[in-house]
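Q: structure for this input, please:
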Amino acid sequence: MKTTDVYLASALLALGFRLELVDRKDPRHMQFEFSDKNRTPLQESHLFTDGGKICLSENFISDVEAMWANRELTVNAFDFAEAIKRMKSVIHSGN
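A: From the prediction side, this is the model:
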């Protein structure tokens, strides 16, 4: 999955996904690419909605993206803050 949304990218990092690629062709709209190859049961156990635990399909990363878009995704606040710091580092490193 690719996104230019730094906060969605941070949420994916907070859930334990690995950042596969950063496309820097347009520095004002960097694209971050993630894969769901690194999915773990621990990540799935951390996903809840207001109604309780959710069921996920085989395409876990798309489910996470949909929950983000629908304002239903919940992640650990500390992990999210740390992920934002990591994303800022990636953006400003230029590598």
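
Q: and the residue nearest the centre of the chain?
A: Leu12 (1.4 Å; CA atoms, centre = their mean).

Q: that one: which element?
A: helix 6-14 (DSSP states H and E).

Q: sheet partners, orientation included, of the next helix or strand after that helix?
A: Using DSSP H and E, the helix or strand that follows helix 6-14 towards the C-terminus is strand 19-23. Partners of strand 19-23 in the sheet, by DSSP bridges, are strand 31-34 (antiparallel).

Q: before we move on, the earlier item: once you drop chain neighbours, what's closest to the residue nearest to the centre of the chain?
A: Phe34 (5.0 Å; CB to CB, 6 or more residues apart in numbering). For every residue, glycine as well, the C-beta is placed using N, CA and C.

Q: neighbours around that neighbour, how many?
A: For Phe34, the neighbour count with other CB atoms under 10 Å is 22.

Q: please apply the same query to Asn76.
A: For Asn76, using other CB under 10 Å, the count is 12.

Q: next up, the contacts around the nearest residue to it once chain neighbours are set aside.
A: Among residues not flanking Asn76 along the chain, Ala14 sits closest, at 6.5 Å (CB to CB, 6+ apart). Counting by CB atoms under 8 Å, 6 or more residues apart in numbering, Ala14 touches 75-76, 79-80, 82-83.

Q: may I have the longest helix along the chain as CSV, with CA atoms only?
A: Determined from DSSP state H, the single longest helix within the chain is helix 77-93. Extracted as CSV, the C-alpha positions of helix 77-93 are listed here (Å, rounded to 0.1, in the frame of the first residue of the first chain):
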residue,chain,number,x,y,z
ALA,A,77,-0.9,6.8,21.8
PHE,A,78,2.7,6.3,22.9
ASP,A,79,3.4,4.1,19.8
PHE,A,80,1.7,6.6,17.5
ALA,A,81,3.8,9.5,18.9
GLU,A,82,7.0,7.5,18.5
ALA,A,83,6.0,6.6,15.0
ILE,A,84,5.4,10.3,14.1
LYS,A,85,8.9,11.0,15.3
ARG,A,86,10.3,8.2,13.2
MET,A,87,8.4,9.5,10.1
LYS,A,88,9.7,13.0,10.7
SER,A,89,13.2,11.5,10.8
VAL,A,90,12.6,9.7,7.5
ILE,A,91,11.3,12.8,5.8
HIS,A,92,14.1,15.0,6.9
SER,A,93,16.9,12.5,6.5
